[in-house]
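Enquirer: Next come a sequence and a model predicted from it.
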Amino acid sequence: MQEYEILPMKEEHLQDVLLISNVSFPIAWSRDSFEKELLNMFAKYFVAVKDGSVLGYGGMWIIIDEAHITNIAVHPDYRGTGIGDSILKAMIKQCQYQLVTAMTLEVRSSNEPAKNLYKKYGFKEEGIRKAYYEDNHEDALIMWKYF
């Protein structure tokens, strides 16, 4: 049984979200970036919360009929427990509610767990952005899911 809730991200979640971002990404987003996303009319962010603490988060922009996933991250202590799966399902459900026809994202070419999660939900590799990541110039795979 799931012991956490998937909720829309609010300002009260940002401290935990920042912690997760900092331990998950070589170049983490700033508090200001997340605060701007909360005000962005195109952005939809979700958090997995247990006992008041954020275990993971995910966000996307929905513009007209397409969604672009900006990030998904789970605290290292909770990876492999299905939280990323639950967050992605909530994002897909939001897209279906808003009649989105396609979702896209970039993912590090070396990030096998993330690529496997996306493939599980019907995302397919459709392109490469060469040297996309600033920290190590790793390629990004462009993945798409069509509804």
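Expert: Yep, it's here. Numbers count the residues shown, from 1 in each chain.

Enquirer: so the residue nearest to the spatial centre of the chain bridges to which residues?
Expert: Among the residues of the chain, the one closest to the centroid is residue 72, at 2.4 Å (C-alpha atoms, centre = their mean). Beta-bridge pairing of residue 72 under DSSP bridges involves residue 58.

Enquirer: any idea how far it is from residue 18?
Expert: Distance of residue 72 to residue 18, computed by C-beta to C-beta, to the nearest Å: 15 Å. Bear in mind the C-beta positions are built from the backbone N, C-alpha and C, glycine included.

Enquirer: Residue 80 now?
Expert: 22 Å.

Enquirer: Likewise for residue 109?
Expert: 26 Å.

Enquirer: what do you get for residue 107?
Expert: 21 Å.

Enquirer: One more: residue 101?
Expert: For residue 101 relative to residue 18 (C-beta to C-beta), the value is 33 Å.

Enquirer: So for those two, which sits in the more crowded spot?
Expert: residue 18 (18 against 12; other C-beta atoms under 10 Å).

Enquirer: Would you mind listing the buried residues in the helix or strand containing the more buried one?
Expert: Residue 18 is located in helix 14-24, with elements delineated by DSSP states H and E. For helix 14-24, burial by neighbour count (16 or more other C-beta atoms under 10 Å) applies to 14, 16-18, 20-21, 24.

Enquirer: pLDDT on the helix or strand just after that helix, on average?
Expert: As assigned by DSSP H and E, the chain's next helix or strand after helix 14-24 is helix 31-39. Mean pLDDT, computed over helix 31-39, is 97.

Enquirer: Direction included, what does the next helix or strand after helix 31-39 pair against?
Expert: Downstream of helix 31-39, the next assigned helix or strand under DSSP H and E is strand 43-50. Strand pairing for strand 43-50, determined by DSSP bridges: strand 5-8 (antiparallel), strand 53-63 (antiparallel).

Enquirer: In terms of secondary structure, what does the longest helix anywhere in the chain contact?
Expert: Across the chain, the helix with the greatest residue count (assigned by DSSP state H) is helix 83-97. Packing partners of helix 83-97 (3 or more C-beta pairs under 8 Å, 6 or more residues apart in numbering; DSSP states H and E): strand 5-8, strand 43-50, strand 53-63, strand 66-74, strand 102-108, helix 112-120.
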